[in-house]
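In: Structure for this input, please:
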Amino acid sequence: MACEESQFMKRNLPRLLDRFDISYFKEETCVEYFIADKSTAAQISYVIVLSLDTTSREIHVSKFYPELRKEGNARYLSAACFYLVVHHFAHVYHLDENYNISLDTLPATFERFFSRLKDFDFHVEGIKLCKTAELLSKFLPVDLNTSVIRKKIIENQDVPFHVW
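Out: All right, here's what the predicted structure looks like:
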């Protein structure tokens, strides 16, 4: 059962997509997303990684550093990006409302960002080691066209790890 897209997202998703290209690389149950400036093709994002935990029925946000706040006139674009990649991820794996979204973050980040995402219902499930807040939200699917996110071809020289 899909919900209706919010007015906030109807305003901000086009702003995001007018300025930035988003691509992804999928490996088994993990997806990494990349944001690039359309005018320069320069990669903006640091790291955005989501993974699927079928046992606990969770979309786990492993890393979310879109770096959009460093771009001019980018207010609310990180929220739009989060919304878009979560829904794209759900489409890739054909997930429904029986899934939750989980992530770990600092309590201050929860207060400044995740608690303000009105299209989700994030709440603190608990505090873990190093005073990290464990967040949880129901996944509320929206009938959203995520085909604007293109599959990225990773060449061997582009693999982001080092062999020691």
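In: Give the other helices and strands that the lowest-mean-pLDDT helix or strand in the chain contacts.
Out: Ranked by mean pLDDT, DSSP states H and E, the helix or strand of the chain with the weakest confidence is strand 123-128, at a mean of 90. Packed against strand 123-128, as judged by 3 or more CB pairs under 8 Å, 6 or more residues apart in numbering; DSSP states H and E, are the following elements: helix 107-112, strand 132-138. Heads up, the C-betas are built off the backbone N, CA and C, glycines and all.
In: tell me the angle it makes with strand 132-138.
Out: Angle of strand 123-128 versus strand 132-138, following axes from the mean of the first three to the mean of the last three CA atoms, to 10 degrees, is 150 degrees.
In: just the CA coordinates of strand 123-128, formatted as CSV?
Out: What follows is strand 123-128, C-alpha atoms only, in CSV (Å, rounded to 0.1, in the frame of the first residue of the first chain):
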residue,chain,number,x,y,z
HIS,A,123,12.6,7.6,16.9
VAL,A,124,15.5,6.5,19.1
GLU,A,125,15.3,2.8,19.9
GLY,A,126,18.2,3.0,22.3
ILE,A,127,21.7,4.4,22.9
LYS,A,128,24.6,2.1,22.1
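In: which residues sit against it?
Out: Strand 123-128 has contacts (CB atoms under 8 Å, 6 or more residues apart in numbering) with S102, D104, P107, F110, A133, E134, L135, L136, S137.
In: neighbour-wise, which of those residues leads?
Out: In terms of neighbours by other CB atoms under 10 Å, these top out with L135 at 23 neighbours.
In: so how far is the longest helix seen in the chain from its chain's centroid?
Out: Criterion DSSP state H: the longest helix present in the chain is helix 77-92. Averaging C-alpha positions (CA atoms, centre = their mean, to the nearest Å) puts helix 77-92 5 Å from its chain's average.
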